[in-house]
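>>> missing the sequence, but the structure's below:
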Ligand SMILES: Cc1cc2nc3c(=O)[nH]c(=O)nc-3n(C[C@H](O)[C@H](O)[C@H](O)COP(=O)(O)OP(=O)(O)OC[C@H]3O[C@@H](n4cnc5c(N)ncnc54)[C@H](O)[C@@H]3O)c2cc1C
Ligand code: SF4
Ligand code: FES
């Protein structure tokens, strides 16, 4: 099949970008979207042109590396899928597509379709963990967890950190990502002691990093390749509100002894 | 100069070795720990767990990965599960049994002491991960659930849906980020290690390329840990993530680290078959599918009927027939070879006859679709997405693919390589899995190494050296940096006619054909002629566009493929020299009458440790003999 691609080309963060049009004549319908771009890049290389930079690694829909906008939709038109798992059989012969990087203030463009999502790591390091040192854990079955809770925690933990929710949100909010982590850890008994602190720190950090507020538009849930539910955001708001009322950062006082 | 391969296995009975070793290890006092800088390259299960734990202990850690975030390391893709000898199912499991299964599964080509320690530590791993909030599957009563995996008759595999690797990695990544916040770990994402710096015979640092700016930097440390994963991508098509590469260990090899058993490659039996030439990778379907799925081919050659129209009596459930004791759950090397055999004999299904059926019809009838959905839903979805076929109604088609490399840098019991101060963890080292890896044990090994072994052995090493003493101005750092810069410039200057992928695909074809599921002397010799030719052409005719001072994915790939072109040769050489069949290494000349692998314990009960001898000089093969004090070498039988 034939596919026409308009791709955002931008040399680096500080130079302006523009759309460039490419035509591909021999696209096989079984190819993944990224394999189609591989074919384009091979052609560009042979012609002595700069291949298109896009991020990818696992190509199995799990690492969260890949992702850009296809016709204005993060990861493209198929629901519940990453762009590496999107196959060309979902497109029509002769179709024209527009590829752009995820757009958000907190995700600066690095090159072409690649953006910098390190803000997500900084949000996690602000409190998205359970504080337990290696080697001091109790026997695993001494902490029973209700199957329903474990399952719901797992639903939230399935987030791959791709950033599509941010790109889809009109406010460029990272709420679904943050809420997923808060829910994953907060639903488990092990996560309970740090629940307030985690909620406060992560929510504040998200704002600091330049992500917008959530206005319940729901675009994030609609676009999330892993089906992370917006109900997690409700949970995050509740935890945050509760924490604001109850939580005080511990005073850092050393002993005298 | 031959290696002194001192394995440092502690004395005493098997069950006490690790305890004895720990008791005798030297310690670094808490106040002194921050004076030591440790470089950890890699942030997969092995690297992230090591960096987090060393940070918790108070060392000054610098952790590197080439992805944009440590959370994306290839470990994230592991689906099926992680083993531990908890015996929660009361089905007769024990540390000893896990140890024995692993030794036997590896075809008696690994060290007893290491494997026993792995089985022992497996218990703590589960505790640690649960405490971190890893949402393992649970029973209704709230306790942990288990399932069984290939090569085992007990149910000891812990899992988090089909995303076990992801969840374990997120646990380690979160522990790592906690140390980043505490200021004890400094994370260098989007940095690729391009060389190792050895000063006075000791590893003292690395050279990296900042993948965004192109800057080549020196990083000095008191010790270096490589946890950089496996090299299965040498085959081009494999189940590994596209970025997985051998560069870090290959550079270390060229700086004096021994390379153990490079030819041991695991082929995974349950991958989605290849469909076209443009294909960039193969997708694995978790082996846990073999718990409920039955593998078969039509009894008639070239039967192209719809599988659902083929009646029961015209199906050959060949694994159940050939290996009645384990059936569909026999180990990977055996299941893979059996599938190849069926296809080679003309019973294969799907395009080109390269596939066998993995059928859930009976399981769905017995357990109901809902249970199957719960157990394997995401895998079924993935299959459907890739193939466009619905595995709930039509059996899946599977075929073996390169999956894991048991070879890697040689390490002693302390996980130290032949270069003092250079430690190697996880898939990057050669240890623990022997000639074949049982399912669910790589995750176990990565975490055992990172959480529970390196913190002790690293302390022991550091306690014996003074912190600091060299800096970036040292001539060895300058020389290594210049070499890296020179190599980058060279790659960019060739401007030939072929792309990097052209070369990689060609290398992959040679490797798969002659050093793949089955090997023979003639084929290996042929490959040993072809690979140097291809390498020569690469350095004359590769086209790497762009410059070195920017994000340049072609350049990244080119450097990795250049290393694969050298490593591939060593793999073939190793395969040629090992004149026996064992696990993931099947030499056609050495098989029993029934076509099973035939080991030669007299001549090959050892680890082959290759030593770099310089440009254009054949590498030297050293051996570490393997002594089996506690188990009897036995013919592996799964019948
Ligand atoms: C699809 C799939 C499914 C699997 N399923 C299972 C399973 O169910 N159970 C099981 O036990 N095992 C499984 N395995 C095997 C297992 O996942 C791996 O062996 C294991 O995760 C390897 O972990 P690691 O930490 O050693 O390396 P990796 O996770 O590969 O990490 C390598 C790290 O090194 C970094 N790195 C590499 N080179 C450089 C460099 N030059 N410079 C800087 N950084 C570098 C990378 O950025 C990365 O952070 C599976 C493997 C695959 C491919
Ligand atoms: S919540 Fe969904 S869309 Fe957002 S980062 Fe996670 S997986 Fe991606
Ligand atoms: S490349 Fe890993 S999710 Fe797409």
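Nice, thanks for sending it over. Just so it is clear, the structure is predicted and the values come from calculations on it, not from any experiment. Numbers count the residues shown, from 1 in each chain, chains lettered A, B, ... in the order given. Ligands and ions are numbered 1, 2, ... in the order given.
>>> For the helix or strand residue A:97 falls within, which helices and strands make contact with it?
Per DSSP states H and E, residue A:97 falls inside strand A:95-100. Packing partners of strand A:95-100 (3 or more CB pairs under 8 Å, 6 or more residues apart in numbering or on different chains; DSSP states H and E): strand A:3-9, strand A:69-70. (C-beta placed from N, C-alpha, C; glycine too.)
>>> quick one: the next helix or strand after it near chain B?
Counting by DSSP H and E, the next helix or strand C-terminal to strand A:95-100 is strand A:109-111. Yes. Against chain B, strand A:109-111 shows contacts by CB under 8 Å from any CB of the partner chain at A:110, A:111.
>>> Quick check: next helix or strand after the strand or helix carrying residue B:400?
Counting by DSSP H and E, the element that carries residue B:400 is strand B:396-405. Downstream of strand B:396-405, the first helix or strand assigned by DSSP H and E is strand B:408-409.
>>> after that next one comes which helix or strand?
strand B:422-424.
>>> Where does the prediction get shaky in chain B?
Scanning chain B for pLDDT under 70 picks out the ranges B:1.
>>> Turn the helices and strands packed on strand A:95-100 into JSON lines, including mean pLDDT, distance to residue B:154 and mean neighbour count.
Formatted as JSON lines, those follow (pLDDT from 0 to 100; distance: least, CB to CB, whole Å; neighbours: other CB atoms under 10 Å in any protein chain shown):
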{"stretch": "strand A:3-9", "mean pLDDT": "98", "distance to residue B:154": "51", "mean neighbour count": "19"}
{"stretch": "strand A:69-70", "mean pLDDT": "98", "distance to residue B:154": "47", "mean neighbour count": "21"}
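>>> Those strands: which one's closest to ligand 3?
Ligand 3 sits nearest to strand A:69-70 of all the helices and strands packed on strand A:95-100, at 13.4 Å, using CB to the nearest ligand atom.
>>> re earlier: can you list the helices and strands packed on strand A:95-100 in CSV and add distance to ligand 1?
What follows is the helices and strands packed on strand A:95-100, written out as CSV (distance: least, CB to the nearest ligand atom, whole Å):
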stretch, distance to ligand 1
strand A:3-9, 26
strand A:69-70, 25
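>>> can you put these in JSON lines and add distance to chain B?
Below are the helices and strands packed on strand A:95-100 laid out as JSON lines (distance: least, CB to the nearest CB, whole Å):
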{"stretch": "strand A:3-9", "distance to chain B": "13"}
{"stretch": "strand A:69-70", "distance to chain B": "16"}
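>>> Just want the angle from the lengthiest helix in chain B to strand B:396-405.
Taking DSSP state H as the criterion, chain B has its longest helix at helix B:553-577. With axes from the mean of the first three to the mean of the last three CA atoms, to 10 degrees as the basis, helix B:553-577 and strand B:396-405 are set at 80 degrees to each other.
>>> Quick check: residues of chain A near ligand 3?
Proximity of chain A to ligand 3 (CB under 6 Å from any ligand atom) is limited to residues A:56, A:57, A:58, A:59, A:61, A:62, A:63, A:64, A:65, A:66, A:82, A:84.
>>> how about 5 Å then?
With CB under 5 Å from any ligand atom as the criterion, chain A meets ligand 3 at residues A:56, A:58, A:59, A:61, A:63, A:65, A:66, A:82, A:84.
>>> Which of those fall within helices?
Residues of these located in helices (DSSP H): none.
>>> out of the residues you listed, who's near chain B?
The subset of those within reach of chain B, by CB under 8 Å from any CB, is A:56, A:58, A:59, A:61, A:63, A:65.
>>> Dump these to TSV, plus neighbour count and pLDDT.
Shown next, in TSV, are these (neighbours: other CB atoms under 10 Å in any protein chain shown; pLDDT from 0 to 100):
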residue	neighbour count	pLDDT
A:56	24	98
A:58	29	97
A:59	25	96
A:61	26	94
A:63	30	98
A:65	27	98
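>>> sorry, back to before: would you give the sheet partners of the strand holding residue A:97, along with the direction of each?
When sheet partners are counted by DSSP bridges, strand A:95-100 sits next to strand A:3-9 (parallel), strand A:69-70 (antiparallel).
>>> wait, is residue B:608 part of a strand?
Yes. Under DSSP: H, G, I helix; E, B strand; the rest coil, residue B:608 falls within a strand.
>>> Now do it against ligand 1, distance only.
Residue B:608 sits 21 Å away from ligand 1, going by CB to the nearest ligand atom, to the nearest Å.
>>> Tell me if I'm right that that residue and residue B:620 touch.
No. In this structure residue B:608 lies outside contact range of residue B:620 using CB atoms under 8 Å: 10.6 Å.
>>> the more surrounded of those two?
Between residue B:608 and residue B:620, counting by other CB atoms under 10 Å in any protein chain shown, residue B:608 is the more crowded of the two (25 against 14).
>>> Tell me who's in contact with the more buried one.
Counting by CB atoms under 8 Å, 6 or more residues apart in numbering or on different chains, residue B:608 touches B:260, B:261, B:262, B:574, B:577, B:578, B:621, B:622, B:623.
>>> Identify, from the residues you listed, the entry nearest to residue A:23.
residue B:262 (43.9 Å; CB to CB).
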